[in-house]
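A.B. asks: Okay, sequence plus prediction incoming.
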Amino acid sequence: MVYMNRETLNARRLLCPLPVIRTQDKVKQLKSGDQLEVICTDPGVMQDIPAWCRINGHKVLETRSGDHEYIIILEVGGNG
Amino acid sequence: MLAAKTIMEQGVHVEGINFFTGFCVEGHTHAIRANDKAKPKRNNSLWVAEQLGMKLHIVDVIEEYKDVLINPKHGYGAHMNPCLDCKIFMVNKAKQWIVENDFDFIITGEVIGQRPMSQRKDTMPIISRESGADDRLLRPLCAKNLPLTLPEREGWVDREKLYDFTGRSRKPQMAMARQFGFDDYAQPAGGCCFLTDANYSAKLVDLWKARDGDKQYDLDDVMLLKVGRHIRPGQNFKVIVAREEGEGRFMQGYKKEFITMNCTSHAGPLVLVDGSPSAEDLFLAARITARYGQGRNAEQVDVSITDKAGSERVIQVKPFGTEEIPQEWYI
């Protein structure tokens, strides 16, 4: 049985590109197939984190927003 | 973008590196200001990387960059911009990166004569030399005007397919962009760093002066210089007045680090008070707060003062008149 690891990254109050940098650094510590939930307050992340995922081979599973928070859940791709 | 594309066209694998110093204009300002909602909130380096189909590594150099800004060996440009030292620093970081990640050489989009400080015929060799990149630094857009570099000598890239651009004109680059089919691209360099901005630089110098010349700073200092109207009535304190809703929302995040003020009898902006104000100073700051609210013409305005611990009190003040705030208070 394969166990999937899910972690959360608090990137509240950080403005782009810092949430992307923190996501990038966190993903380096994860394995392919792991999931990361990134919680932000900068709306720019809705554009930047999916773009970062696309160019680096990670998959965005979900994006949602509400109450001035923006949440992105991604799955780490092949290169980890 | 054009330099990377030029080299990728020769079949070379290219990855991007973007250094975040804390002074980058894009991203932050767009994110903070509600007025900028019409502009796309995209990070241009990510966007460029995606257009080119290459990986991008964004590197946080906020801490290391302090020494570049505070002690620039080659001095500042027109404002607080240490462009030459900055370029040397970044190329040096890129050199460290290529060694760690097994890459062979570095490319930049520099063009001789394009920028008055860091992109001159006499300063470009300084960047190669002092960064330690030496002949592993290739500038594809003006390579034909520069000595041979390692990737050219080794035949990794064909020098004949590189360019000989010079000067400030961006017309050759725009023509090249059209040739590559790029109909959208980031603003050409120069406007991408707050340190090249006169108003921002004045606020930074003021911050250092107010701290008796101590030039250390943290990211919050740098961020707050980007928002609000900064007014310094005395050496011991200044007030930062939010100019619009987005800035106000951003400044809310600093309520535990600053004394804050806002009008309660009328609508008005959030104000942060920085420094060590006396009771008299706070009264004066409250009059400034009232000046920028809807009650600016009222005889009396209620202003709430909240300390860092969250304890709140309300005082009544007469707003400053438009001409009553001395011009020299505005930073």
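C.D. replies: It's in.
A.B. asks: What parts of chain A come near chain B?
C.D. replies: By Cβ under 8 Å from any Cβ of the partner chain, the residues of chain A that approach chain B are A:13, A:15-18, A:20-21, A:24, A:41-44, A:46-48, A:51-52, A:54-56, A:68. In short, each C-beta sits where N, CA and C put it, glycine included.
A.B. asks: State the distance from the closest residue to residue B:120 other than its chain neighbours to residue A:31.
C.D. replies: Among residues not flanking residue B:120 along the chain, residue B:113 sits closest, at 6.5 Å (Cβ to Cβ, 6 or more residues apart in numbering or on different chains). As for residue B:113, its distance to residue A:31 is 49 Å (criterion: Cβ to Cβ, to the nearest Å).
A.B. asks: what's the answer for residue B:282, then?
C.D. replies: Counting by Cβ to Cβ, the gap from residue B:282 to residue A:31 is 54 Å.
A.B. asks: With neighbour numbers in mind, choose between the two.
C.D. replies: More neighbours surround residue B:282 than the other of residue B:282 and residue A:31, with 22 against 10 (other Cβ atoms under 10 Å in any protein chain shown).
A.B. asks: got the buried residues for the helix or strand where the more buried one lies?
C.D. replies: If you go by DSSP states H and E, residue B:282 is part of helix B:279-291. Of the residues in helix B:279-291, B:281, B:282, B:284, B:285, B:286, B:287, B:288, B:289, B:290, B:291 count as buried by neighbour count, 16 or more other Cβ atoms under 10 Å in any protein chain shown.
A.B. asks: Is residue B:175 part of a helix or strand, or is it coil?
C.D. replies: helix (DSSP: H, G, I helix; E, B strand; the rest coil).
A.B. asks: Could you count how many residues lie near residue 51?
C.D. replies: No chain specified, so I'll use chain A. Neighbours of residue A:51 (other Cβ under 10 Å): 21.
A.B. asks: that's the wrong chain, I wanted chain B
C.D. replies: Neighbours around residue B:51, by other Cβ under 10 Å: 17.
A.B. asks: quick one: is the helix or strand where it lies near chain A?
C.D. replies: Using DSSP H and E, residue B:51 maps to helix B:44-52. Yes: applying Cβ under 8 Å from any Cβ, one finds helix B:44-52 touching chain A at B:45, B:46, B:47, B:49, B:50.
A.B. asks: pretty sure the third one is in contact with residue A:51, am I right?
C.D. replies: When you say that, I think you mean residue B:47. Yes: the pair residue B:47 and residue A:51 qualifies as a contact (Cβ atoms under 8 Å) at a distance of 6.6 Å.
A.B. asks: quick one: residue B:23 from chain A, how far?
C.D. replies: 13 Å (Cβ to the nearest Cβ, to the nearest Å).
A.B. asks: Ok, residue B:151 next?
C.D. replies: Distance from residue B:151 to chain A, by Cβ to the nearest Cβ: 24 Å.
A.B. asks: in chain A, which spans are strands?
C.D. replies: For chain A, the strands defined by DSSP state E cover A:6-11, A:35-40, A:59-66, A:69-75.
A.B. asks: Pairing partners for the second one, with directions?
C.D. replies: Sheet neighbours of strand A:35-40, with direction, are listed as strand A:6-11 (parallel), strand A:69-75 (antiparallel) (DSSP bridges).
A.B. asks: could I get the last one in CSV with only the CA atoms?
C.D. replies: Taking C-alpha atoms only, strand A:69-75 is exported to CSV below (Å, rounded to 0.1, in the frame of the first residue of the first chain):
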residue,chain,number,x,y,z
GLU,A,69,-7.3,33.8,2.1
TYR,A,70,-6.2,31.8,-1.0
ILE,A,71,-5.5,28.1,-0.7
ILE,A,72,-3.7,26.0,-3.3
ILE,A,73,-3.3,22.2,-3.0
LEU,A,74,-0.6,20.7,-5.2
GLU,A,75,0.8,17.3,-5.8
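A.B. asks: in it, what counts as buried?
C.D. replies: A:70, A:71, A:72, A:73, A:74, A:75.
A.B. asks: which of these sit farthest apart?
C.D. replies: Longest distance between any two of these is 17.9 Å, between A:70 and A:75; criterion Cβ to Cβ.
A.B. asks: Is it correct that residue A:40 is in contact with residue A:15?
C.D. replies: No: using Cβ under 8 Å, residue A:40 is not in contact with residue A:15, being 9.2 Å away.
A.B. asks: what about these two, which has more around it?
C.D. replies: Counted by other Cβ under 10 Å, residue A:40 and residue A:15 do not tie: residue A:40 has more neighbours, with 30 against 22.
A.B. asks: where does chain A dip in pLDDT?
C.D. replies: A:1-3, A:79-80 (pLDDT under 70).
A.B. asks: Do a quick rundown of the helices in the stretch 151-300 of chain B.
C.D. replies: Listed in chain order, the helices of the stretch 151-300 of chain B (DSSP state H, counting those that start in this stretch) span B:171-180, B:198-210, B:219-224, B:245-252, B:279-291.
A.B. asks: Any chance of a markdown table for those, columns distance to chain A and mean pLDDT?
C.D. replies: Shown next, in a markdown table, are the helices of the stretch 151-300 of chain B (distance: least, Cβ to the nearest Cβ, whole Å; pLDDT from 0 to 100):
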| stretch | distance to chain A | mean pLDDT |
| --- | --- | --- |
| helix B:171-180 | 18 | 86 |
| helix B:198-210 | 16 | 95 |
| helix B:219-224 | 7 | 91 |
| helix B:245-252 | 7 | 89 |
| helix B:279-291 | 24 | 97 |
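A.B. asks: This completes my enquiry, with thanks.
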